[in-house]
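Novice: everything below, folded, please.
(one chain, ligands or ions: 1)
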Amino acid sequence: MAWLVLSDGKAFEGEKFGPWIGGDHVIKGEVVFNTSMCGYQEMITDLSYAGQILTFTHPQIGNYGWHNEESEADKVLLKGIIVRELSAGEGSLHADGSLEDFCMKQNIPGLKGVDTRALTRYIRNNGTMPGIMVEELEQAAAFWQKSTPQDFDPEKHWVYQATSDEEYVIPGNGPELAVLDLGAKKNILRCLQKRGYRLHVFPAGTPSQKIMELRPQGLVLSNGPGDPARLPEIAENMGKLIAELPIMGICMGHQIMAMAAGASTYKLPFGHRGGNHPVQNKETGKVTMTSQNHGYAVSEESLRGTGFNIMYANLNDGTVEGLKHEKYPVLTVQYHPEAAPGPEENDEIFDRFAEILNAKWGEM
Ligand SMILES: NC(=O)CC[C@H](N)C(=O)O
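Specialist: This is a model prediction of the structure:
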């Protein structure tokens, strides 16, 4: 028996799986839920979940095993996972292993047999909050008595833990793009690579001047974990590039570009995490289903006077889903156009960016 205990004291019972250190060790993270029907591997390896405990609302997880080449990153910064039923993935012929094998290898503790429906409803009604996974309820009481916000939001921002240590190049025959790695999902890189670009990936803290020295034809800002408002230095740095290069921002990249132009972000009550979030393109009226994973959003009012117009809006709650600059070739999306395992109907944004690059530099 083991427990998830939220910071307000609400406890959910389960059974442990994967690696648990035992003793007094407490597994801590912000508890969030994702409503996708599949894609557990992509979620677990998405560095945007750094510092979080992820609850899957789909009732059976692990049923197609683990496929190494499908991971979104080589390291995992997620703190734990919570499932209703853990499947051993017996049905998958080509898997490299089971989900539980991977949890053991990558040090991801899990809780199974949890009433994930009740947990999700609780978070929806009470908001995202910190939580801990423990073997004894007494451990939780002792922990909450002395815990501080830094237990969940460390001084060194998650982005600096998620980003690559060194710059690196992904070869391609086409023009060179700079990528600011805030915790990039591999599929963003694959979507750009597929279109022929050569990619020069920079760590999150790279000064704008260093990026310009490369003379790239464009810049892409990736997804990333944590609170964007705690990264004013990156926003200021990127602000210097708005007038210099065609830019595309995805998720955290979108939030950073909005901040770079003077807008602000705020925390959503329980975030958007799932594969069926409807988004409308304000220019064409077209609605698509999108994959999302974010806990913060750009404040609509704060966009006034920044030069950014809202290009996409969320049809569930009206939040800002994408921006287009009125003067410069800068476009951003809050959702994930690169989503794997889908929906795939949004990857046209990469083609739009390619058109912008072609218009500026000529056909590649
Ligand atoms: N996937 C992302 O890039 C997430 C961005 C940011 N960490 C948020 O939660 O809003």
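Novice: residues contacting the closest residue to Gln60 other than its chain neighbours?
Specialist: Computed as C-beta to C-beta, 6 or more residues apart in numbering, the closest residue to Gln60 that is not its neighbour in sequence is Glu85, at 4.6 Å. C-beta coordinates here come from the backbone N, C-alpha and C atoms, glycine included. Contacts for Glu85 (C-beta atoms under 8 Å, 6 or more residues apart in numbering) come out as Pro59, Gln60, Ile61, Lys112, Gly113.
Novice: which of those residues lies closest to the ligand?
Specialist: Comparing the contacts of Glu85 against the ligand with C-beta to the nearest ligand atom places Ile61 closest, at 20.1 Å.
Novice: shouldn't the closest one be in contact with Ala88?
Specialist: No: counting by C-beta atoms under 8 Å, Ile61 sits too far from Ala88 to count as a contact (11.1 Å).
Novice: who has more neighbours, those two?
Specialist: More crowded of Ile61 and Ala88, by other C-beta atoms under 10 Å: Ile61, with 24 against 13.
Novice: excluding chain neighbours, what is closest to that one?
Specialist: Closest to Ile61 by C-beta to C-beta, 6+ apart is Val83, at 4.3 Å.
Novice: for Phe17, same thing?
Specialist: Gly110 (4.6 Å).
Novice: let me know whether that neighbour touches Lys16 as I believe.
Specialist: Yes: the pair formed by Gly110 and Lys16 meets the contact definition of C-beta under 8 Å, at 7.1 Å.
Novice: what about those two, which has more around it?
Specialist: Gly110 (28 against 20).
Novice: tell me, how many residues neighbour Lys194?
Specialist: 12.
Novice: do you know how far it is from the ligand?
Specialist: The gap separating Lys194 from the ligand is 21 Å, by C-beta to the nearest ligand atom, to the nearest Å.
Novice: per-residue pLDDT, that residue?
Specialist: Turning to Lys194, the model gives it a pLDDT of 93.
Novice: can you give me the helices in this structure?
Specialist: 40-44, 99-106, 116-126, 137-146, 158-162, 186-194, 208-213, 232-239, 252-260, 348-361 (DSSP state H).
Novice: which of the ones you listed sits most buried?
Specialist: helix 252-260 (a mean of 28; mean count of other C-beta atoms under 10 Å).
Novice: what mean pLDDT does it get?
Specialist: For helix 252-260, mean pLDDT is 98.
Novice: write out the residues of the protein neighbouring the ligand.
Specialist: Ser48, Asn223, Gly224, Pro225, Gly226, Pro228, Cys251, Met252, Asn293, His294, Gly295, Tyr296 (C-beta under 6 Å from any ligand atom).
Novice: cutoff 5 Å now
Specialist: Ser48, Asn223, Gly224, Cys251, Met252, Asn293, His294, Gly295, Tyr296 (C-beta under 5 Å from any ligand atom).
Novice: pipe those residues into CSV and attach distance to Ser7 per row.
Specialist: Converted to CSV, the residues of the chain next to the ligand look like this (distance: C-beta to C-beta, whole Å):
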residue, distance to Ser7
Ser48, 21
Asn223, 26
Gly224, 24
Cys251, 26
Met252, 24
Asn293, 22
His294, 21
Gly295, 15
Tyr296, 19
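Novice: just the ones of these in strands?
Specialist: Asn293, His294, Gly295, Tyr296 (DSSP state E).
Novice: identify the residues contacting the residue lying closest to the last one once chain neighbours are set aside.
Specialist: Looking back up the chat, that one is Tyr296. Counting by C-beta to C-beta, 6+ apart, Tyr296 lies nearest to Thr265, which is 4.8 Å off, once chain neighbours are set aside. Contact analysis of Thr265 by C-beta under 8 Å, 6+ apart lists Asp227, Pro228, Ala229, Gln255, Ala258, Met259, Tyr296, Ala297, Val298, Ser299.
Novice: can you select the buried ones from those residues in ChimeraX?
Specialist: In ChimeraX syntax, the buried subset of the contacts of Thr265 is picked out as below (16 or more other C-beta atoms under 10 Å):
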select :227,228,255,258,259,296,297,298
